[in-house]
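Colleague: okay, predicted coordinates and the sequence, questions at the end:
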Amino acid sequence: MIARFVISPPERRRLQKLAKSRRARSEDSRRARIVLALAKGASLRELSAKEQCSVNTVRLWRERFAAERLSGLFSRHRGRQPGAGSEKLAARIIDWTLHRKPAKGATQWSTRQLARALATSQSRVARVWARARLQPHRLRHYMESNDPDFETKAAAILGLYLKPPVNAAVFCVDEKSTIQALDRLDPVLPLSPGRAERHGFEYFRHGTLSLYAALETQSGQVVGKTSERHTSAEFVAFLGELIATQPAGKAIHAIVDNLSAHKTKRVTEFLEANPNLTLHYTPTYSSWLNQVEIWFSKIQRDLIARGIFSSKHDLSRKIMRYIRQHNKTARPFKWTYRNPSYRI
């Protein structure tokens, strides 16, 4: 047995956290375990067998900790000296990654393809990419609005969210079209420890429905209606039902997208007959400004994606039941636009 260390409480907490960490390097966690075990009186041989290292390794970190405490547990290896021409090769790897394509007609490089083209190793290419934060295998899509009045329209909608008109109701209105009533032909295998719920590959399609929904921004409650079609006539009928939910004459502001069914002559005539209703159109390709899209993603996750529906009537019944349950505990979305100075 060797003399025990005296470890202060802050040092012990730091060492225990490092020893149990899953993010720390394995060698750092091992050194923390070694010091903690030495503090309990473990011998060098016991520790070397337990940690699968040499006795000299245990002795090294014992002496380092005794002399320098926690700061002595970190590695002092400075790494290899960069080889001749390594910086030039790294610059060439980055240049080829950004400005050239593989000769075989692929759209992006892999580490092995680029290594063969530059007569180097795959691990070197991977290290250069990691340092330069290059990820050629990844692809992200974006959508930019081409609406010349983007700033004006977006600012008007944000104003309705942040400071709605007094004694007026603000609704986000849209339709979720072609919701499939899918019925599984094989039994569903339920969730169990270590195994996800499994649905059979075969299904029967009973048809589709469209869901019209209006989200009230101040309460989070939803007015919904299912329909066989999503035409201008159906949209106007839903607007009529939306007006009926509010006191007579109350001002209503509805935020809608630029679907052609929202701008027909029938819609214009309906607005002229109901002057208390005002439609605010989002800029083109800016559906993210409409809060009802957030609610659509919620019902998609909760009900539609994994739902089993024996008919279109069953689909409609379950959707309306979901809306009723949602309205019992509805809360407004804490919607934010992180950088209002950008484009607005």
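Modeller: It's in. Numbers count the residues shown, from 1 in each chain.
Colleague: the longest strand belonging to the chain - which strands sit beside it in the sheet, and in what orientation?
Modeller: Across the chain, the longest stretch assigned as strand under DSSP state E is strand 168-184. Sheet pairing of strand 168-184 (DSSP bridges) gives strand 203-216 (antiparallel), strand 251-256 (parallel).
Colleague: for stretch 231-241, buried residues please.
Modeller: In terms of neighbour count (16 or more other C-beta atoms under 10 Å), stretch 231-241 has its buried residues at 232, 234-236, 238-239. All C-beta spots, glycine's among them, are computed from the backbone N, C-alpha and C.
Colleague: follow-up on the earlier one: could you give the separation of the longest strand of the chain from the chain centroid?
Modeller: 22 Å (C-alpha atoms, centre = their mean, to the nearest Å).
Colleague: what comes up buried for that strand?
Modeller: Quick answer for strand 168-184 (16+ other C-beta under 10 Å): 169-176, 179-184.
Colleague: what average pLDDT does that strand get?
Modeller: Here strand 168-184 scores 94 as its mean pLDDT.
Colleague: cool, stretch 247-260 as well?
Modeller: 93.
Colleague: which of the residues in it are buried?
Modeller: 252-257.
Colleague: show me which pair in those residues is furthest apart.
Modeller: Ile252 and Asp257 (17.3 Å; C-beta to C-beta).
Colleague: and the buried residues of stretch 247-260, which is closest to Arg127?
Modeller: Distances from Arg127 to the buried residues of stretch 247-260, taken by C-beta to C-beta, are shortest for Asp257, at 46.6 Å.
Colleague: surely the closest one and Val292 touch.
Modeller: No - the pair Asp257 / Val292 is not scored as a contact, 9.6 Å apart, by C-beta atoms under 8 Å.
Colleague: shared neighbours, these two?
Modeller: Common neighbours of Asp257 and Val292 are listed as Asp174 (criterion: C-beta atoms under 8 Å, 6 or more residues apart in numbering).
Colleague: the residue nearest to Ile179 when sequence neighbours are not counted - how many residues pack around it?
Modeller: Using C-beta to C-beta, 6 or more residues apart in numbering and skipping the chain neighbours, the partner closest in space to Ile179 is Leu209 (5.1 Å). For Leu209, the tally of surrounding residues (other C-beta atoms under 10 Å) stands at 22.
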